[in-house]
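Pasted the sequence and its predicted model underneath.
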Amino acid sequence: MRRMVCETRLNAADFIYPIFVAEGNNIMKPVDSMPTVYQYSIDNLDQILPQIADSGISGLLIFGIPEKKDELATEAYNDKGVTQQAIRYIKEHYPDMLVIADVCLCEYTSHGHCGVVKGDKILNDSTLPLLCKMAVSLAKAGADIIAPSDMMDGRIGVIRKMLEEEGFIHTRIMAYSAKYASAFYGPFRDAVGSSGNLGKSTKAVYQQDPANSDEALWEVGLDLAEGADMVMVKPGMPYLDVVRRVKDEFKAPTFVYHVSGEYAMIKCAAAAGCIDEKKITMESMICCKRAGADGILTYCALDVARWLKEGYNY
């Protein structure tokens, strides 16, 4: 009876799994602050890709970690860069796998910021051409969806224009539209090495204030008007009110990113014996879906898909 009248249901296809690809060979390095999450070199991607392919989830979100970083993130738009090579590998060996490519400079800059830095200022307009070059390079490598996560003003419009000028008319854009200046990103920044050199500037100058939700609607509206095909709210659980407002207002495909800090808290609390990991994880996911998310990006994706396949009744 309870299953029959259930209002919200989870399906493996609701989920996208983020992966970290590191430049080098024979790398399968644990991310210390994210239990069971690893950095993989391209030659070790087959340690994780078959699991993704067999899970029934919709696809993966890829983040690259280059050996060389500089102030202008040149490896981000290097056609032979680690992320581009990884995408080509995935598309060659798993052609039906949906690949979403993160577009942001923070994994590739020596200072860890998402844009060009001069002194203690983030230069929005100087960053846009670099994001365009990165988006085109990733699309050329085979990415199905481009996901700008930098939060620079106007980037969706210029990326859409550049993609179409270069002939990538079928490449979709998943915009990180409501990305908050959150402390929940800490483990991710450890994973990609972007946390140590931020200097005097903080990411709060271009990410949203956690106190604001009207601002999120404004940002989402701008991104959709500029050509985004789908939008995202990030982080997840603490911002489900924003997810609901976005979905109600725009009716556009809406995603939520259940981020590294949220994942780490569940894993660490479970390891300490404080919570039931499976029940807490599944409740968290159903809450994201109930709030209006059409899809959920989460490091729990493979666990959730497995539990659903086993017949878990949330």
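Looks like it came in fine.

Any stretches of the protein with poor pLDDT?
For the chain, the stretches with pLDDT under 70 are 193-201.

So which elements touch the longest helix belonging to the chain?
Assignment by DSSP state H gives helix 124-141 as the longest helix of the chain. Applying 3 or more Cβ pairs under 8 Å, 6 or more residues apart in numbering; DSSP states H and E, one finds that helix 124-141 contacts helix 82-93, strand 98-103, strand 116-118, strand 145-148, helix 155-165. No exception for glycine: its C-beta is placed from N, CA and C like everyone else's.

Measure how the longest one sits relative to strand 98-103, angle-wise.
Using axes from the mean of the first three to the mean of the last three Cα atoms, to 10 degrees, the interaxial angle of helix 82-93 with respect to strand 98-103 works out to 170 degrees.

Would you mark the buried spots in helix 82-93?
Of all the residues in helix 82-93, those buried under the rule 16 or more other Cβ atoms under 10 Å are Val82, Thr83, Gln84, Gln85, Ala86, Ile87, Arg88, Tyr89, Ile90, Lys91.

so what does it touch, helix or strand wise?
strand 15-22, strand 59-65, strand 98-103, helix 124-141.

Taking their axis directions, it and helix 124-141 sit at what angle?
30 degrees.

Buried residues in stretch 269-285, which are they?
Ala270, Ile275, Lys278, Ile280, Thr281, Met282, Ser284, Met285.

Kindly report the same for stretch 94-113.
Applying 16+ other Cβ under 10 Å to stretch 94-113 flags 94, 97-113 as buried.

before we move on, what about stretch 247-260?
Lys247, Phe250, Ala252, Pro253, Thr254, Phe255, Val256, Tyr257, His258, Val259, Ser260.

wait, what's in contact with the second one?
Remark: with contacts taken as Cβ atoms under 8 Å, 6 or more residues apart in numbering, Phe250 is in contact with Val220, Gly221, Leu224, Val231.

The last one: neighbour count?
Other residues within reach of Val231, judged by other Cβ atoms under 10 Å, total 25.

Leu222 is in contact with that one, correct?
No: the criterion here is Cβ atoms under 8 Å, and Val231 misses it with Leu222 at 10.3 Å.
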